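> Starting from these lines, generate the structure:
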Amino acid sequence: MLTTIHQIDPGRADADAIRKAVDCLAGSGLVTFPTETVYGVGANAADPKALARLRELKGRAETKPFTVHIGSRWAVDRFVPDLAGVGRRLVQKAWPGPLTLIFDVPHPEQAQVIRDTSPEHIDAMYHAGTIGIRCPDDPVAAQLLEACPFPVVAASANPAGEPAPTDGDQARKALDGQVDLVLDAGHCRYGKASTIVRVTSKGYDILREGVLDARTIRRLAQLRFLLVCTGNTCRSAMGEAILRRLLAEHVGCDEDALTSSGYVVESAGTMACEGAPASTEAINALAARGIDLSYHRSTPLTLEALLRADYILAMTAGHRATVGAILPAALDRCRLVDEADVDDPMGGDTATYALCAKRIEQALRHQLEEIPL
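Numbering: from 1, shown residues only. Sure, this is the predicted structure:
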């Protein structure tokens, strides 16, 4: 077999080369293409002949699945129905990127990709109720995968037992005469394998550390809330403690286990000083609810806090405006706790604080109905 080579400048779209690669895959061919980690070799997942060729090339048994590759993160919904929780967070934060995710899909026949093709293709993409998916952060890979009207599976472009190629020259030599076409875009950005994470009902398991380490995966998997008021000694402080209680109830864990379950709740003040305790009235109002606020110490609102928060809950429109002044991009993630401003109870008695706490709790319950957890 003669392998066709197309050298591509990754900084420029090459519609002709991409079209030829798509046509090759559509005709049961095998195509080697770059990703940000290593070069891969892909096949049309809806073509049994192409899959048989890929299995023979890689020496892979039929019981060992290939990874589905997609051109954009949004395509995951075609393969994984009702994606939520940790899986959704990793998709939104880490894709496109050097992360392979394995999802539980107990009923693959319900997936849109199977409904669009045929149930006979389930075994080509799903294995024992799971599917592995990769969304490469590489312009050539993205162009190719987006242009394919059929699902694509791929593996590293090397013979079994050999190192995966990390540049075009290696990719050409590794499978010369065994694949139909090579898209040569030079060096891969990382030259290291992707991290593999299995998403579970209880969180996730790291099956292989690659470009992304365990600390990075833990950060990406978390859902972080930031409540904002002025001094961070009453409204946002009470909101933080109340939200922790509500999330623990939702997850079914102790509040101390929230972080390990993937949830982080913080609060800050637009004019807060560092380390002030919660007001006595706020402490008393939450004590009546069985919540200890005596541990709280105030924190000033910072750029770093805004950058790491997934959801920013502001007590007033003025607080939201301050968020936008510090980080305009954060406004997309910032909403009011309630429909109208939650007024500062400062100067009121414990009953006033109790009413404020009640309103905050009701508003947070409503927020959690709208936020995918």
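> Grab the CA positions of the longest helix anywhere in the chain and hand them over as PDB.
If you go by DSSP state H, the chain has its longest helix at helix 350-370. Only the C-alpha atoms of helix 350-370 are listed here, as PDB (Å, rounded to 0.1, in the frame of the first residue of the first chain):
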ATOM      1  CA  THR A 350     -31.100  38.700  65.700                       C
ATOM      2  CA  ALA A 351     -34.700  38.500  64.400                       C
ATOM      3  CA  THR A 352     -33.700  40.700  61.400                       C
ATOM      4  CA  TYR A 353     -30.700  38.500  60.700                       C
ATOM      5  CA  ALA A 354     -32.900  35.400  61.000                       C
ATOM      6  CA  LEU A 355     -35.300  36.800  58.400                       C
ATOM      7  CA  CYS A 356     -32.300  37.600  56.200                       C
ATOM      8  CA  ALA A 357     -30.900  34.000  56.600                       C
ATOM      9  CA  LYS A 358     -34.300  32.600  55.700                       C
ATOM     10  CA  ARG A 359     -34.500  34.600  52.500                       C
ATOM     11  CA  ILE A 360     -31.000  33.600  51.600                       C
ATOM     12  CA  GLU A 361     -31.800  29.900  52.200                       C
ATOM     13  CA  GLN A 362     -35.000  30.100  50.100                       C
ATOM     14  CA  ALA A 363     -33.100  31.900  47.300                       C
ATOM     15  CA  LEU A 364     -30.200  29.300  47.400                       C
ATOM     16  CA  ARG A 365     -32.700  26.400  47.200                       C
ATOM     17  CA  HIS A 366     -34.100  28.000  44.100                       C
ATOM     18  CA  GLN A 367     -30.600  28.500  42.600                       C
ATOM     19  CA  LEU A 368     -29.700  24.800  43.100                       C
ATOM     20  CA  GLU A 369     -32.800  23.800  41.200                       C
ATOM     21  CA  GLU A 370     -31.400  25.700  38.200                       C
END
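> pLDDT averaged over it - what is it?
Helix 350-370 carries an average pLDDT of 96.
> repeat for stretch 149-162
94.
> can you pull the buried residues of that stretch?
150-158 (16 or more other Cβ atoms under 10 Å). For every residue, glycine as well, the C-beta is placed using N, CA and C.
> Narrow those to those in helices?
The helices, defined by DSSP H, take in nothing from the buried residues of stretch 149-162.
> Is it possible to get JSON lines of those that adds distance to residue 351?
Listed next are those as JSON lines, based on distance: Cβ to Cβ, whole Å:
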{"residue": "150", "distance to residue 351": "65"}
{"residue": "151", "distance to residue 351": "61"}
{"residue": "152", "distance to residue 351": "63"}
{"residue": "153", "distance to residue 351": "63"}
{"residue": "154", "distance to residue 351": "64"}
{"residue": "155", "distance to residue 351": "66"}
{"residue": "156", "distance to residue 351": "66"}
{"residue": "157", "distance to residue 351": "70"}
{"residue": "158", "distance to residue 351": "71"}
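> domain parsing for this protein?
4-219, 222-370 (automatic domain parsing).
> Distance across the last one, terminal residue to terminal residue?
Yep, that's domain 222-370 we're talking about. With Cα to Cα, to the nearest Å as the measure, domain 222-370 spans 18 Å from end to end.
> where does the stretch 201-350 of the chain dip in pLDDT?
Scanning the stretch 201-350 of the chain for pLDDT under 70 picks out no residues.
> all strands of it, in order?
Using DSSP state E, counting those that start in this stretch, the strands of the stretch 201-350 of the chain run over 203-208, 223-229, 263-269, 311-314, 334-336.
> Can you say which of those is nearest to residue 81?
strand 203-208 (18.8 Å; Cβ to Cβ).
> distance between the closest one and the chain's centre?
Taking Cα atoms, centre = their mean, to the nearest Å, one finds strand 203-208 lying 14 Å from the centre of the chain it belongs to.
> Tell me the strands beside that strand, with direction?
Applying DSSP bridges to the sheet, strand 203-208 is found paired with strand 195-200 (antiparallel).
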